[in-house]
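1. Fold the following.
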Amino acid sequence: RRRMHGAEDKDGVWFPGVADSRKADSKYHQAYIGANWDPGAKLSGEVAFGYLWKRYDNPLDRLGNAREDRNTWVASTNVNWEATATTTVSLNIARTLRDQSSDSYTYFEDTGIGLNLRQKILSKFEAMAGFNYSMNDYNSLPAGYAAGDKRQDKNYLFNLGLDYLIQEWLTVGVGYKHNKKTSNYKAFEFDDNQFMANL
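-> Got it, this is the predicted structure:
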């Protein structure tokens with residue numbers, strides 16, 4: 001590798017560097033308020049909602065686009081309810097800010113909710129099913145678009161699984177996961193199917 005003036009030539013491909021004055025260094029603070037429950041109780045986990053403040057050290061990104069200091073509400077919640085001795089239902093709520101990349105001014109608000117079920121069958125089997133939905137609201141158009149609406153993605157995740165307890169220390173299982181993304185820009189859409197076996 002050869003590095004020069006913040007850029008790099010790797011295997012014959014030239015990558016532009018990012019000057020220190022354009023990097024996405026930042027400081028952020030979060031404050032939460034919430035409640036949690038005893039892990040051994042029928043209801044366990046925590047509910048937490050709060051606020052986030054993020055301030056960038058450098059006002060511009062690599063291409064000269066202005067970065068935005070941000071404040072928004074955030075959440076980090078995971079609650080498990082033991083409906084019966086063999087059935088557990090989990091609720092997840094999460095919200096945060098995510099940068100698209102370290103050299104860009106683009107960010108998105110990631111807000112999601114999920115519901116998952118775990119069911120013990122007899123003494124050796126455990127079945128799992130879950131559905132999660134999240135929305136990504138971007139602050140800008142995708143790269144290469146001169147006009148239009150800001151990018152917005154919707155993500156759907158559905159999963160099924162079945163585990164068998166061979167010994168206290170050994171489990172075998174199978175699973176299926178379907179991940180789908182829709183967007184107001186078709187280029188970012190996809191469907192992903194995964195079949196899994198684990199030991």
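
2. contacts and neighbour counts: CA atoms only from here.
-> Noted.

3. Show me where the protein has its strands.
-> For the chain, strands defined by DSSP state E occupy the ranges 2-4, 7-10, 13-15, 26-37, 43-56, 70-82, 87-99, 107-121, 125-138, 152-167, 170-183, 190-198.

4. want to throw those into a markdown table with mean neighbour count, distance to Leu63 and mean pLDDT?
-> Formatted as a markdown table, the strands of the chain follow (neighbours: other CA atoms under 10 Å; distance: least, CA to CA, whole Å; pLDDT from 0 to 100):
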| stretch | mean neighbour count | distance to Leu63 | mean pLDDT |
| --- | --- | --- | --- |
| strand 2-4 | 10 | 19 | 45 |
| strand 7-10 | 14 | 14 | 53 |
| strand 13-15 | 11 | 14 | 58 |
| strand 26-37 | 12 | 18 | 92 |
| strand 43-56 | 17 | 16 | 94 |
| strand 70-82 | 17 | 20 | 93 |
| strand 87-99 | 18 | 16 | 94 |
| strand 107-121 | 18 | 15 | 96 |
| strand 125-138 | 18 | 18 | 97 |
| strand 152-167 | 17 | 23 | 97 |
| strand 170-183 | 15 | 25 | 98 |
| strand 190-198 | 11 | 29 | 97 |
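
5. Could you work out which of those reaches nearest to Ala146?
-> strand 125-138 (15.3 Å; CA to CA).

6. what separates Lys54 from Val174, distance-wise?
-> 42 Å (CA to CA, to the nearest Å).

7. So for Glu46, what's the nearest residue that isn't a sequence neighbour?
-> Asn36 (4.0 Å; CA to CA, 6 or more residues apart in numbering).

8. Pull up the gap between the one you found and Val79, please.
-> Using CA to CA, which is the criterion applied here, Asn36 is 9 Å from Val79.

9. Find the residues that touch each one of these two.
-> Shared contacts of Asn36 and Val79, defined by CA atoms under 8 Å, 6 or more residues apart in numbering, comprise 44-47.

10. Mind checking the strands of the chain for the one nearest to Gly64?
-> strand 43-56 (14.1 Å).

11. That closest one pairs with which strands?
-> strand 26-37 (antiparallel), strand 70-82 (antiparallel) (DSSP bridges).
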